[in-house]
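>>> structure for the following, please:
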Amino acid sequence: MSTATGSTPDSTITEIVREKYGAAARRILASEPSGGCGPVSSCCGGAAFNGSVDPITSNLYVSGESEVLPSAAVLASLGCGNPTALAQLEPGQVVLDLGSGGGIDVLLSARRVGATGKAYGLDMTDDMLELARRNAAEAGVTNVEFLKGQIEAIPLPDASVDVIISNCVINLSGDKRRVLAEAFRVLKPGGRFAVSDVVVRGETPAAVRRSMELWVGCVAGALEESEFLRLLTDVGFVAPSIEPTRIYRSEDARTFLGEAGLDVDASIAQIDGKFMAAFVRATKPVAPAPAAKSCCGPECCP
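Numbering: from 1, shown residues only. Below is the predicted model:
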């Protein structure tokens with residue numbers, strides 16, 4: 001399959017992601033975070049992050065949210081948004097987090113859906129699953145379950161989830177159509193897809209785009225805005241929408257672009273404002289659309 005990484009097969013992308021996330025989890029499990037005041041720097045979290053202010057991962061959670069969670073859950077946050085704050089979760093709902101990492105969004109979701117609801121986390125990395133389960137135990141949250149698996153093959157039954165969230169993980173997949181189709185399958189009729197992800201707005205030169213994607217941590221490549229909306233519709237969702245939550249400024253990536261051998265001044269003019277973290281919404285229809293009425297009866301064929 002063709003991917004944004006050129007000829008890189010999907011299996012290789014999966015292993016790259018598994019190794020990067022596994023290494024991040026192992027550093028935290030060994031109590032060796034890379035920075036003293038922010039998340040671990042890797043994956044979706046600014047390859048050029050210098051440990052001070054990361055333009056991608058910093059200040060995603062409002063005051064009062066992360067303070068009630070284990071510090072390891074916050075340190076392992078590699079996302080680019082806060083889907084739990086935007087997904088309008090309600091008591092009693094079942095939530096699934098695709099690529100749950102250290103569990104921060106699962107734990108926040110569990111608090112929002114309450115004791116009558118449940119939050120699942122899905123991750124393919126053993127080290128992240130170990131970290132997430134440890135964080136849940138430390139937080140005393142019991143209405144959670146962390147599942148091992150890939151987001152392209154969700155290990156849950158059809159129509160079993162009310163809301164799907166994800167925090168900048170879908171861009172890591174080499175088969176995004178399959179991810180969206182799986183999300184559609186496990187959602188209940190009327191269920192909501194409500195994820196944060198990196199999205200590209202408009203056309204950009206291939207070499208420049210790839211460097212920016214590496215800067216923001218997109219191993220397999222981010223979807224262009226219109227392509228994301230089209231794929232959601234293709235697999236069956238209705239009312240898809242994309243809302244920018246943070247637009248990345250090219251000046252933030254100046255050092256990284258220079259190290260990539262690109263003409264920085266020319267590149268900045270081409271990409272400024274085209275890469276963003278966004279909240280992506282869509283809904284699974286309550287019932288299949290009725291088939292078009294055939295014109296074969298007396299009421300329509302005078």
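
>>> tell me the buried residues in the longest strand anywhere in the chain?
As assigned by DSSP state E, the longest strand anywhere in the chain is strand 187-200. Applying a neighbour-count criterion of 16 or more other CB atoms under 10 Å, one finds 187-188, 191-200 buried in strand 187-200. C-beta here means a position set from N, CA and C on the backbone, and glycine is covered the same way.

>>> rebuild these as TSV, extending it with pLDDT and distance to D126.
Below are these laid out as TSV (pLDDT from 0 to 100; distance: CB to CB, whole Å):
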residue	pLDDT	distance to D126
L187	98	27
K188	98	30
G191	97	29
R192	97	30
F193	97	27
A194	96	27
V195	95	24
S196	92	24
D197	92	24
V198	87	25
V199	90	30
V200	86	32
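
>>> which stretches of this protein form strands?
94-98, 118-123, 144-148, 161-166, 187-200, 223-224, 238-247, 275-283.

>>> still on that earlier bit, which member of the buried residues of strand 187-200 is positioned nearest S166?
Using CB to CB, V195 comes nearest to S166 of these, at 4.0 Å.

>>> list the contacts for the nearest residue to I170 once chain neighbours are set aside?
Excluding its sequence neighbours, the residue lying closest to I170 (CB to CB, 6 or more residues apart in numbering) is D197, at 5.0 Å. Listed by CB atoms under 8 Å, 6 or more residues apart in numbering, the contact set of D197 reads 80-81, 166, 168-171, 222-223, 228, 277-278, 280.

>>> returning to what we had before: reformat the strands of the chain as TSV; add distance to L129.
Output for the strands of the chain, formatted as TSV (distance: least, CB to CB, whole Å):
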stretch	distance to L129
strand 94-98	12
strand 118-123	5
strand 144-148	5
strand 161-166	16
strand 187-200	20
strand 223-224	27
strand 238-247	27
strand 275-283	25
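
>>> and of those strands, who's closest to L86?
Going by CB to CB, the one of those nearest L86 is strand 275-283, 5.0 Å.

>>> tell me the angle the closest one makes with strand 161-166.
170 degrees (axes from the mean of the first three to the mean of the last three CA atoms, to 10 degrees).

>>> partner strands of strand 275-283 and their direction?
strand 187-200 (antiparallel), strand 238-247 (antiparallel) (DSSP bridges).

>>> output those as CSV; include the columns distance to G101.
Output for the strands paired with strand 275-283, formatted as CSV (distance: least, CB to CB, whole Å):
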stretch, distance to G101
strand 187-200, 13
strand 238-247, 19
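
>>> just the CA atoms of stretch 222-241, as PDB, please.
Written as PDB, here are the backbone C-alpha positions of stretch 222-241 (Å, rounded to 0.1, in the frame of the first residue of the first chain):
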ATOM      1  CA  ALA A 222      -1.200  13.300   8.300                       C
ATOM      2  CA  LEU A 223      -4.300  13.400   6.300                       C
ATOM      3  CA  GLU A 224      -5.200  16.500   4.300                       C
ATOM      4  CA  GLU A 225      -8.400  18.100   5.600                       C
ATOM      5  CA  SER A 226     -10.600  17.300   2.600                       C
ATOM      6  CA  GLU A 227      -9.300  13.700   2.400                       C
ATOM      7  CA  PHE A 228     -10.000  13.100   6.100                       C
ATOM      8  CA  LEU A 229     -13.600  14.300   5.600                       C
ATOM      9  CA  ARG A 230     -14.000  12.100   2.400                       C
ATOM     10  CA  LEU A 231     -12.700   9.000   4.200                       C
ATOM     11  CA  LEU A 232     -15.100   9.500   7.100                       C
ATOM     12  CA  THR A 233     -18.000   9.700   4.600                       C
ATOM     13  CA  ASP A 234     -16.700   6.800   2.600                       C
ATOM     14  CA  VAL A 235     -16.900   4.400   5.600                       C
ATOM     15  CA  GLY A 236     -20.400   5.500   6.500                       C
ATOM     16  CA  PHE A 237     -20.100   8.400   8.900                       C
ATOM     17  CA  VAL A 238     -22.400  11.500   8.600                       C
ATOM     18  CA  ALA A 239     -21.900  15.100   9.400                       C
ATOM     19  CA  PRO A 240     -18.100  15.000   9.500                       C
ATOM     20  CA  SER A 241     -16.300  18.200  10.500                       C
END
